[in-house]
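In: Provided below are the primary sequence and the corresponding predicted coordinates.
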Amino acid sequence: MPQILDGKATAAQIKSELAERIAALKEKGITPGLGTVLVGDDPASHSYVAGKHRDCAEVGIASIKVELPESTTQEELEAEIEKLNNDPACTGYIVQLPLPKHIDTNRILELIDPDKDADGLHPTNLGRLVLNAGGDIDSPLPCTPNGVIELITRHGLDLNGKTVAVFGRGVTVGRPLGLLLTRKNVNATPTLVHTGTADVAGALRAADVIVAAVGQPHIVTADMVKDGAILLDVGVSRIEDPETGKKKLTGDISPEAAEKASWVSPNPGGVGPMTRAMLLVNVVQAAERAAA
Ligand SMILES: Nc1nc(=O)c2c([nH]1)NC[C@@H]1CN(c3ccc(C(=O)N[C@@H](CCC(=O)O)C(=O)O)cc3)C=[N+]21
């Protein structure tokens, strides 16, 4: 039986640490404020954004919600970005992805003030991540990759010298995670595995740690996992529960694969809550930098 990488409990711990830092900021007259920009009416996106604002309320971060219709034009969205860049109450913000197809997402991400970039996805901050091999430059990190590493290390596990197969090359998880893992303060050896990989099963089976960020239910099967591996389940899918007929959340890792692991992150309850906690960390850090 694998041990559980408990994202819910770890996120709660991080939130209680943040509450102290937020109280210290408030004593200086600064209230951190998270802005969210949500375009369209995708129910999953609305539910994620609602979760972020609940987290903010819990720790004492103010909320600024911008909700726009699916028909919002590029120019209108850019004007909203400009407003948040200039709003002193907003110390950090995110633009919820994915954006509608008619919007140029990369252009929007580039317009976010890098000092208010709570997702760590602005090209300047991704560039700082590339430049910062030592792990000592103070810049926001992408939330899910940072959450994956915090979840592992806060359970007393050491990535130093370990091989890590990152499955999935998306911009928000796989690509930046590879960079974080090679930082000297983490010191892991990543392999980025994707649809162009000749032997996916072999590459995963060779790894001490697998981070699955594909978004296909149970794509990681038992034959792809080395005995005693550490498994992190990032991808989420909504599938029908065969017993109840209702939709439920499930991850990239099959139950049979999880059985072979020494440690596994549940999904839900693993990396998702950590992603949200790291967003709060970025907002508080941005407010602290602005105050300094
Ligand atoms: N600009 C931007 N930044 C993001 O960080 C971002 C985004 N866009 N677009 C979508 C993805 C997805 N994402 C999740 C965060 C938390 C959970 C989470 O907390 N999940 C709970 C379950 C929540 C539920 O029940 O629906 C869990 O895993 O336990 C899930 C998914 C952030 N994303």
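Out: Good, I have the coordinates.
In: Measure how buried E259 is and give me the count.
Out: E259: 12 surrounding residues under other Cβ atoms under 10 Å. C-betas here are computed from N, CA, C, even on glycine.
In: cool, the one 3 residues further on as well?
Out: S262 sits with 15 neighbouring residues when counted by other Cβ under 10 Å.
In: please renumber so the chain begins at 54
Out: Will do, 54 is the new start, and the previous item becomes S315.
In: Just give the nearest non-adjacent residue to it, would you?
Out: G281 (4.5 Å; Cβ to Cβ, 6 or more residues apart in numbering).
In: One more: E131?
Out: L164 (6.0 Å).
In: close to the ligand, is stretch 178-192?
Out: No. Applying Cβ under 6 Å from any ligand atom, one finds stretch 178-192 separated from the ligand by no less than 12.9 Å.
In: This protein: helices as residue ranges?
Out: 60-80, 96-112, 127-139, 158-164, 176-184, 196-206, 227-234, 253-258, 308-312, 324-344 (DSSP state H).
In: Excluding chain neighbours, what is closest to I134?
Out: Take I134 and drop its neighbours on the chain: the residue closest to it by Cβ to Cβ, 6+ apart is L164, 4.7 Å away.
In: so the one you found touches A132, yeah?
Out: No. Between L164 and A132 there is no contact, the gap being 10.1 Å when judged by Cβ atoms under 8 Å.
In: Between those two, which is the more surrounded one?
Out: Higher neighbour count among L164 and A132: L164, with 16 against 11, using other Cβ under 10 Å.
In: just wondering, since we're on the residue nearest to E131, how far is it from V336?
Out: With distances taken as Cβ to Cβ, to the nearest Å, L164 is found 19 Å from V336.
In: Contacts only, for the residue nearest to E131.
Out: Contacts for L164 (Cβ atoms under 8 Å, 6 or more residues apart in numbering) come out as E131, I134, E135, N138.
In: Dump those residues into TSV; add distance to P321, neighbour count and pLDDT as well.
Out: Shown next, in TSV, are the contacts of L164 (distance: Cβ to Cβ, whole Å; neighbours: other Cβ atoms under 10 Å; pLDDT from 0 to 100):
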residue	distance to P321	neighbour count	pLDDT
E131	34	15	98
I134	31	22	98
E135	36	12	98
N138	33	15	98
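In: Quickly list what V92 is bridged to.
Out: In this entry, V92 is beta-bridged to L121, by DSSP bridges.
In: what's the pLDDT at it?
Out: On the pLDDT scale, V92 is placed at 98.
In: can you count the residues close to it?
Out: 24.
In: Most proximal residue of this structure with respect to the ligand?
Out: Residue of the chain nearest the ligand, by Cβ to the nearest ligand atom: G325 (2.2 Å).
In: Spatially central residue for this protein, please.
Out: T197 (1.9 Å; Cα atoms, centre = their mean).
In: I'd guessed that one sits against P326; true?
Out: No. Look at T197 against P326 with Cβ under 8 Å: they stay out of range, at 11.2 Å.
In: which bits of the chain sit near the ligand?
Out: So far as Cβ under 6 Å from any ligand atom goes, the chain lies against the ligand at 100-101, 104, 147-150, 172, 196, 289, 302, 320-322, 325-326, 328-329.
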